[in-house]
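>>> Generate a structure from the sequence data that follows.
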Amino acid sequence: MTEFFMPMKPPTTTHQQKQVTVKNGKPIFYEPPDLVAARAKLTAHLGPNTPEKKFTGPVRLIAKWCFPLSGKHQDGEWKATKPDVDNLQKLLLDCCTDLGFWSDDKLIVSMVVEKFYSKLPGIYIKIMEVD
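Modelled structure (predicted):
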């Protein structure tokens with residue numbers, strides 16, 4: 001099992017924001033600068049938490065995205081606005097895979113993702129093997 005909290009302002013740019021251009025009649029997909037920056041931020045915060053040994057079997061992932069308080073929102077209140085949790089997770093999973101948390105994110109058989117407003121912004125991660 002691995003469990004950690006990364007204090008940060010979570011990135012709101014998501015994997016869904018990839019762009020496409022056409023060169024010589026062929027589509028070329030690329031990441032715009034804000035997506036490159038979000039990937040770099042997540043990678044930098046995840047890196048020190050990379051497990052010594054990759055997960056190789058089925059795992060459960062719990063991710064709690066804690067966004068900074070804003071407006072009239074209170075600590076612990078659900079964040080029922082964009083970005084969507086599924087879009088947040090895609091970039092996070094790609095970064096974890098690139099860093100070697102697991103051999104492939106297909107090993108994730110159970111996932112709980114939540115997003116809140118919080119006095120302490122960041123991302124809580126718990127990964128555990130399941131039977």
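
>>> Residue 75 against residue 119, yeah?
Yes. Between residue 75 and residue 119 there is a contact at 4.7 Å, judged by Cβ atoms under 8 Å. For the C-beta atoms, the positions are set from N, CA and C on the backbone; glycine is no exception.

>>> and the lowest-mean-pLDDT helix or strand in the chain, what does it pack onto?
Here the helix or strand of the chain ranked lowest by mean pLDDT, DSSP states H and E is strand 19-23, holding a mean of 81. The helices and strands touching strand 19-23, judged by 3 or more Cβ pairs under 8 Å, 6 or more residues apart in numbering; DSSP states H and E, are strand 26-30.

>>> Check the model's average confidence along the helix or strand following the strand it packs on for me.
Counting by DSSP states H and E, the next helix or strand C-terminal to strand 26-30 is helix 33-46. Per-residue pLDDT values across helix 33-46 average out to 94.

>>> Compute the inter-axis angle for helix 33-46 and strand 19-23.
130 degrees (axes from the mean of the first three to the mean of the last three Cα atoms, to 10 degrees).

>>> downstream neighbour of helix 33-46 in the secondary structure list?
As assigned by DSSP H and E, the chain's next helix or strand after helix 33-46 is strand 59-68.

>>> That following strand pairs with which strands?
Taking DSSP bridges as the criterion, strand 59-68 forms sheet pairs with strand 108-118 (parallel), strand 122-129 (antiparallel).

>>> Let's see the pLDDT reported for residue 30.
pLDDT recorded at residue 30 is 75.

>>> just for this protein, where's the confidence low?
Applying pLDDT under 70 to the chain flags residues 15-18.

>>> which residue of it sits farthest from its center?
Largest separation from the mean C-alpha position in the chain: residue 24, at 34.3 Å (Cα atoms, centre = their mean).

>>> For this structure, which residue occupies the most central location?
residue 92 (2.4 Å).

>>> Double-check that that residue belongs to a strand.
No. Applying DSSP: H, G, I helix; E, B strand; the rest coil, one finds residue 92 to be helix, outside a strand.

>>> Fine by me, thanks again.
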